[in-house]
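# Coordinates only, no sequence provided:
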């Protein structure tokens, strides 16, 4: 699968841009604020029916305009597929596939999959555990509807259990209602726990290989799934913590407390990793996600690399590009502020690429 | 003023490094994780008696060691000054100036001033208003003890006022105690408001010039001080909001609600600015801070530029370096992952510079 053509109208700083892509590497180059990342975001929109950066559609419309549209022509399984997204202020967003309107946007997700590597990935290292749980959940649920449904039911029950804890004094009458919730929650918690564990078991070794391949140093990295359920089963945890739960008035144990532990040389990457090491870590994580998705899909997702050369030293850029060169990845979109650097890198590895020079939200020249 | 020599022992990933600096430009180059930024941090330590990144000293000691020391020899007012910082696990940190131990570390702050430009500056755009107030406060208080003292008193009174609101039901007895606080707070609030306003009035035009000089585009930027006190005086605000305060049980008006508004082309930089535009914005802000500090000090602070070339396009790097070339800044420390890029830039502007190649926490070679 790859994206052949993209047309954007009034999307962010692009009034009207039409692009014909290479099935291998496409690179958007231009000065700061020219609109390179916005083109990646338009591709993201075609895949997820929303912007990667700004969820509120009215904010994605070009200044002074009241509507926008994004159109893409894909090649998938030797067929041509047309995807159209349109938004007008005050009107519901419309997404069409081959001219047919979707009733539920969720039906579209997963048909034209991609992996986005962005400087905002650093949130995964720097923010709270909720961001990391959300990351795991979003990757797994794309290919596993049972996981998604279990997660939704689990979260709903936890909300109700918390409401019960909040509304009650610490009297014994609640104990029996709590245990009713716990019995419903237990099987769901174990399904989520096992699927997350399986996901990490698949991801971790691929991640290690990528980190090693890019960094080419003796840096020791690990990625670990951290869950209370790996020590005890859910019901035992509930019984053990029922006193505490009634005191703090929320459910303090369960898979909604899970986390991912990112380490470098035995310490948290967030604390001991330099800017470049953190970037390498996140890049390896996203490339491992790529492999996981390819395995689940049976074909290669698109790979979007925003600002990926910055902060990486020459060695790491070279090793990263050697990975690309092996045709391990399918269609790739890259942004760079330095056209000469990009050309040098792609020529060095003899890559088949197309360069788009962007200026003020328009394609200035293609080469 | 400039730093002639730096010695670090067991600081972060440096076991033992000794450096002799140029009084103009010093550039640390090396691969990811080599320890470039850690050298900037050692200089920061000499100035502020603590790390820029990690406040807990035990975490700054080289793995497997239990003490660290940083030593610097400065040239200031044609005199040589020796600054020594030492920390041993479980023992109080010691800072000495010309072999004389400080009783209070605060006495040292401001003697060897510097401005740090770091990728973590993005916090100023992305985080809550408290980060921006803290920024204003830290810059102003370095040169204005009255401001610092007023701020401390104000914050203490607000804490007490909030405790009173929290402890009480909404009965009328509290009204008179609240107004006692308000009368004490009012003059303090107005001093803080006026000093912050004055600071912004000085900073904003310099900031605009720097942004224009670096970006060299028609991008319109503004920086604005946002305070409830610019509309009404503090006592009127308190009377107007007393009902609300007693309901929400905290003080909802005052200078502890101030903010800075950062805009690009009439919209929040955080929302509409690209990665490179945000970087330019923060760089211009820090350079404006440099000018403000130079004006207050009567001499040039040191300028530490971490990872400053990344994300900026060639045009912006060139314009930034033209500013440096004018000898407007004094001693400068720069980090870069690309030695060739740095050399090219410095040779192009005919700069007087020294390059330090860093590898695994050690100086591999100087040129």
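Here it is on my side, so go on. Remember, it's a predicted structure, so these values are computed and weren't measured experimentally.

# quick one: the helices in chain A?
A:36-48, A:123-126, A:129-141, A:145-167, A:173-215, A:234-248, A:269-272, A:275-297, A:314-325, A:339-348 (DSSP state H).

# Could you tell me the least trusted of these?
Lowest mean pLDDT within the helices of chain A: helix A:314-325, a mean of 86.

# list the helices and strands it packs on?
helix A:173-215, helix A:275-297, helix A:339-348 (3 or more CB pairs under 8 Å, 6 or more residues apart in numbering or on different chains; DSSP states H and E). (C-beta placed from N, C-alpha, C; glycine too.)

# Quick check: buried residues in it?
Under the neighbour-count criterion of 16 or more other CB atoms under 10 Å in any protein chain shown, helix A:314-325 has A:316-317, A:319-321, A:323-324 buried.

# Please compute how far it lies from its chain's middle.
22 Å (CA atoms, centre = their mean, to the nearest Å).

# how much does that helix deviate in direction from helix B:339-348?
Orientation check (axes from the mean of the first three to the mean of the last three CA atoms, to 10 degrees): helix A:314-325 against helix B:339-348 gives 130 degrees.

# For helix A:314-325, which outside residues touch it?
A:25, A:210, A:213-216, A:276, A:280, A:283, A:287, A:308-309, A:312, A:329, A:332, A:345-346, A:348-351, B:31-32, B:337-338 (CB atoms under 8 Å, 6 or more residues apart in numbering or on different chains).

# which of the residues you listed are buried?
A:25, A:210, A:214-215, A:276, A:280, A:283, A:287, A:308-309, A:312, A:329, A:332, A:345-346, A:351, B:31-32, B:337-338.

# Might you report the residue contacts of the one residue in the stretch 251-367 of chain A that gets nearest to chain B?
Closest approach between the stretch 251-367 of chain A and chain B, counting by CB to the nearest CB: residue A:276, at 2.6 Å. By CB under 8 Å, 6+ apart, the residues touching residue A:276 are A:311-313, A:316, B:31-33, B:337.

# Let me have those in TSV, extended by distance to residue B:202.
TSV is the format used below for the contacts of residue A:276 (distance: CB to CB, whole Å):
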residue	distance to residue B:202
A:311	33
A:312	39
A:313	39
A:316	42
B:31	41
B:32	38
B:33	39
B:337	35
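
# from these, which single one is nearest residue B:134?
residue A:311 (26.1 Å; CB to CB).

# And for that closest one, nearest residue in space, chain neighbours not counted?
By the measure of CB to CB, 6 or more residues apart in numbering or on different chains, the closest residue to residue A:311 outside its immediate chain neighbours is residue A:279, 4.7 Å from it.

# how many other residues sit next to that neighbour?
If you count neighbours by other CB atoms under 10 Å in any protein chain shown, residue A:279 ends up with 26.

# Would you confirm that residue A:157 contacts residue A:188?
Yes. Between residue A:157 and residue A:188 there is a contact at 7.2 Å, judged by CB atoms under 8 Å.

# quick one, phi psi at the closest residue to chain B within the stretch 1-150 of chain A?
When distances are taken as CB to the nearest CB, the stretch 1-150 of chain A reaches nearest to chain B at residue A:32, 2.6 Å away. Torsion angles at residue A:32 (phi, psi; degrees, to the nearest 10) stand at phi -60, psi 130.

# In this structure it contacts residue A:335, no?
No. The pair residue A:32 / residue A:335 is not scored as a contact, 11.1 Å apart, by CB under 8 Å.

# Please list the residues of chain A that sit near chain B.
For chain A, the contact set with chain B under CB under 8 Å from any CB of the partner chain comprises A:30-37, A:54, A:59, A:63, A:119, A:215, A:217, A:219, A:265, A:271, A:273-277, A:279-280, A:307, A:310-316, A:337-338.

# Swap in 7 Å and give it another go.
Neighbours of chain B within chain A, by CB under 7 Å from any CB of the partner chain: A:31-33, A:37, A:59, A:119, A:219, A:271, A:274-277, A:280, A:307, A:310-316, A:337-338.

# Looking at residue A:157 and residue A:188, which is more packed in?
The residue with more neighbours, out of residue A:157 and residue A:188, is residue A:188; 22 against 18, by other CB under 10 Å.

# ok so, going back, take the helices of chain A and write them to TSV, including distance to residue A:84.
Compiled in TSV, these are given as follows (distance: least, CB to CB, whole Å):
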stretch	distance to residue A:84
helix A:36-48	9
helix A:123-126	31
helix A:129-141	24
helix A:145-167	26
helix A:173-215	33
helix A:234-248	45
helix A:269-272	41
helix A:275-297	23
helix A:314-325	30
helix A:339-348	30
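
# quick one, which of those helices is packed in tightest?
helix A:36-48 (a mean of 24; mean count of other CB atoms under 10 Å in any protein chain shown).

# can you list contacts of stretch A:332-352?
Identification of contacts with stretch A:332-352 by CB atoms under 7 Å, 6 or more residues apart in numbering or on different chains yields A:22, A:24-29, A:31-32, A:36-37, A:40, A:43, A:302-309, A:317, A:321-322, A:324-325, A:353, A:355, A:357, B:276, B:311-314.

# let's go with 6 Å and repeat that
A:24-29, A:36-37, A:40, A:303-306, A:309, A:321, A:325, A:353, B:313 (CB atoms under 6 Å, 6 or more residues apart in numbering or on different chains).

# Quick check: residue A:45 touching residue A:71?
No. Look at residue A:45 against residue A:71 with CB atoms under 6 Å: they stay out of range, at 10.4 Å.

# Which residue ranges make up the domains of chain A?
Listed by automatic domain parsing, the domain ranges of chain A are A:2-113+A:301-366, A:129-263.

# out of the ones you listed, which comes closest to residue B:251?
domain A:129-263 (26.9 Å).
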